[in-house]
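*Asks:* what's the 3D shape of this:
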Amino acid sequence: MPLGMAFAIASGVKPEYGLYTTIIAGLLVALLGGSRFQIAGPTGAFIPILLAIVLQYGYENLLIAGFLAGIMLIIMGIFKLGNLIKYIPRSVTIGFTAGIAVIIFSGQIGDFLGLEGLEKKEYFHENMIQLIQNIGTINWFSALTAGIGLLIIILIPKLFPRVPILLVALVIPTIIAFLFYPDKVATIGTAFGGIAQSLPDFQIPELTWEKIIMLLQPAFVIAMLGGIESLLSAVVADGMTGKRHNSNRELVGQGIANVVTPLFGGIPATGAIARTATNIKSGAISPFSGIFQGFFVLLTLLLFAPYASHIPLASMAPILMIVAFNMSEYKSFLHMLKLKSSDSLVLMTTFLLTVFVNLTVAVQIGLLLAMVSFIKRMSEVLEVEKVIPAMSKEKSELSESEDFGVKCPQLAFFTVEGPLFFGAADKFESMITRSINKRPSVLVLKMKHVSLIDATGGANLRSLLRDFKKMGGITLIAELNDEVSRMFKTSGLYDEIGTENFFNSAADAVDYGLQLINVGKCPTCSRSGQINCQVFKESKVIQKSG
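*Replies:* Here you go, the predicted structure:
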């Protein structure tokens with residue numbers, strides 16, 4: 001309950017909407033989700049997104065955005081996209097999570113100090129300017145109330161670890177403020193007019209094509225963030241219980257919850273790691289714990305709603321500050337930052353854009369940077385080495401002798417290792433081109449460890465081989481794996497090169513290539529005195545490389 005109300009207020013809506021969300025989403029996700037222990041409701045990660053939507057579009061359109069996000073989550077689950085969300089780089093998730101934590105924490109400074117005259121702004125720097133301009137309006141009673149709550153959150157768990165600390169941190173400061181300095185601090189009652197002691201009304205938001213188009217982007221951000229957080233929470237639950245969740249069913253359950261919740265005035269919801277972990281630590285063994293949680297909050301709302309109007313806003317500030325601190329993953333953030341790698345760049349870019357621009361831009365740019373970084377690293381994995389087969393002294397197998405191979409004018413032998421894709425195609429092309437420009441008779445490509453060839457890599461390979469063929473050269477391909485072999489066949493390269501020019505071993509390819517070269521040139525080779533060229537003539541006895 002404390003988190004439900006606090007998250008709602010921080011998101012720019014009335015506290016009861018957070019309670020409605022806790023009740024409805026909690027029940028539906030427990031019944032329909034893919035994790036037996038998931039507890040859903042409003043979460044801190046949504047705060048900057050929802051607040052921005054409220055400020056820009058209004059509360060009614062927030063309901064529509066949540067509704068659309070629910071539909072998107074259902075579609076993701078139906079089409080089994082649950083596993084794809086897990087592929088978002090950790091540098092991006094830590095970056096935007098830390099950014100959200102900064103926004104939440106800084107957003108509570110005003111309530112913590114009881115500052116007056118603050119206006120909620122969309123951007124971080126604007127809110128910081130507001131704090132500085134109004135710092136002279138500190139309400140020391142609010143600061144005292146918030147300080148008491150903060151001390152309770154920090155100290156009580158060390159003495160009484162099983163106490164529901166957030167509820168205690170809300171109730172005790174409320175009682176102190178009510179008894180010793182009533183009317184000295186802003187409360188839910190003075191700010192929002194209290195909480196209705198009734199069930200929420202059912203109402204269908206007014207949908208138009210214009211609104212749907214306008215809200216598609218924020219709805220998509222809600223869906224993606226909700227999907228990520230709910231699946232992360234489910235993974236945490238798996239680790240704590242040894243059970244396995246169903247990712248796609250979890251997305252469908254979360255989607256249904258977010259479709260239904262706005263019909264009762266609730267805000268977007270997702271699985272919450274903190275609540276789910278607490279649920280498991282409390283002994284939960286089935287989804288009934290989530291169902292019970294929903295009914296308990298509903299009962300509390302019906303019985304004690306009038307008393308909630310006395311809760312000081314200052315008592316909620318430390319709760320959200322602690323939530324922000326815990327979700328920041330500061331240890332992982334600092335560790336990744338110290339690496340000074342491309343991940344560090346992605347992390348800081350995503351973090352700064354989340355804080356100073358918005359989450360949508362941050363995730364888009366973060367993913368783009370991560371993708372470019374990955375492509376660059378993968379392009380460096382591709383290795384193209386010009387070598388020559390030689391008899392190993394230790395084993396009868398095909399080995400490599402670079403000293404002779406780089407000079408052989410008739411047979412160019414390359415080992416290619418790694419993915420031949422668009423990021424590495426230029427490197428591959430330049431390496432091979434330098435060799436075929438010297439016009440060898442035969443080009444042998446050992447491609448045993450080529451993991452994949454995409455359209456760009458295939459096009460570059462085709463272009464190279466055609467140019468080499470025009471020069472009168474013959475290309476031999478050796479040791480393709482099944483996947484790359486299928487690519488050669490489906491792309492037409494197999495037929496273009498010729499079936500007879502594919503070999504299961506590099507030794508066979510070399511043996512065949514030796515039948516194609518002009519052996520009359522070998523006695524005049526400047527390297528023949530240093531390396532015994534008989535290895536070419538005797539290649540049939542070389543054991544096929546594995």
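*Asks:* can you count the residues close to residue 514?
*Replies:* 21 (other Cβ atoms under 10 Å). Quick note: C-beta positions are derived from backbone N, CA and C, even for glycine.
*Asks:* go on, residue 359?
*Replies:* Counted with other Cβ under 10 Å, residues neighbouring residue 359 total 26.
*Asks:* Now for it: which residues touch it?
*Replies:* 48-49, 96, 99-100, 221, 225 (Cβ atoms under 8 Å, 6 or more residues apart in numbering).
*Asks:* 10 Å instead?
*Replies:* Listed by Cβ atoms under 10 Å, 6 or more residues apart in numbering, the contact partners of residue 359 are 45-46, 48-49, 52, 96, 99-100, 103, 218, 221-222, 224-225, 350, 353, 366.
*Asks:* Please report how far it lies from residue 85.
*Replies:* Distance, residue 359 to residue 85, using Cβ to Cβ, to the nearest Å: 15 Å.
*Asks:* Equivalent analysis for residue 464, please.
*Replies:* 39 Å.
*Asks:* Over to residue 237?
*Replies:* The gap separating residue 237 from residue 85 is 16 Å, by Cβ to Cβ.
*Asks:* So residue 443: helix, strand or coil?
*Replies:* Three-state call for residue 443 (DSSP: H, G, I helix; E, B strand; the rest coil): strand.
*Asks:* my guess is it meets residue 513, correct?
*Replies:* Yes - the pair residue 443 / residue 513 is scored as a contact, 8.6 Å apart, by Cβ atoms under 10 Å.
*Asks:* The two: which is more packed in?
*Replies:* Taking neighbours as other Cβ under 10 Å, residue 443 and residue 513 compare with residue 513 leading, 28 against 23.
*Asks:* pretty sure that one contacts residue 446?
*Replies:* No - between residue 513 and residue 446 there is no contact under Cβ under 10 Å: 11.7 Å.
*Asks:* overlap in contacts of those two?
*Replies:* Joint contacts of residue 513 and residue 446 (Cβ under 10 Å, 6+ apart) are 389, 413, 476, 478, 503, 506.
*Asks:* Now, those residues that are in helices?
*Replies:* residue 506 (DSSP state H).
*Asks:* With neighbour count, distance to residue 145 and pLDDT added, can I get the shared contacts of residue 513 and residue 446 in JSON lines?
*Replies:* What follows is the shared contacts of residue 513 and residue 446, written out as JSON lines (neighbours: other Cβ atoms under 10 Å; distance: Cβ to Cβ, whole Å; pLDDT from 0 to 100):
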{"residue": "389", "neighbour count": "28", "distance to residue 145": "81", "pLDDT": "54"}
{"residue": "413", "neighbour count": "28", "distance to residue 145": "79", "pLDDT": "85"}
{"residue": "476", "neighbour count": "24", "distance to residue 145": "81", "pLDDT": "94"}
{"residue": "478", "neighbour count": "25", "distance to residue 145": "77", "pLDDT": "92"}
{"residue": "503", "neighbour count": "21", "distance to residue 145": "80", "pLDDT": "93"}
{"residue": "506", "neighbour count": "28", "distance to residue 145": "77", "pLDDT": "85"}
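*Asks:* Show me which of the shared contacts of residue 513 and residue 446 is closest to residue 289.
*Replies:* Ranked by distance to residue 289 (Cβ to Cβ), the shared contacts of residue 513 and residue 446 are led by residue 478 at 60.3 Å.
*Asks:* Who does that closest one form a beta bridge with?
*Replies:* residue 446, residue 503 (DSSP bridges).
*Asks:* which residues does it contact?
*Replies:* Going by Cβ under 10 Å, 6+ apart, residue 478 touches 398, 413, 415, 444-448, 501-510, 512-513, 545.
*Asks:* Helix or strand for the residue positioned nearest the centre of the chain, just tell me which one.
*Replies:* Of all residues in the chain, the one closest to the mean position by Cα atoms, centre = their mean is residue 88, 2.5 Å from it. Assigned by DSSP states H and E, residue 88 falls within no helix or strand.
*Asks:* What confidence value was assigned to it?
*Replies:* If you check residue 88, the pLDDT there is 84.
*Asks:* Next, it: phi, psi?
*Replies:* Torsion angles at residue 88 (phi, psi; degrees, to the nearest 10) stand at phi -70, psi 130.
*Asks:* need the contact list for it.
*Replies:* Here residue 88 is in contact with 96, 224, 227-228, 363, 366-367, 370 (Cβ under 10 Å, 6+ apart).
*Asks:* One more pass at 8 Å, please.
*Replies:* Residue 88 touches 228, 367, counting by Cβ under 8 Å, 6+ apart.
*Asks:* That's all I had, so thanks and see you.
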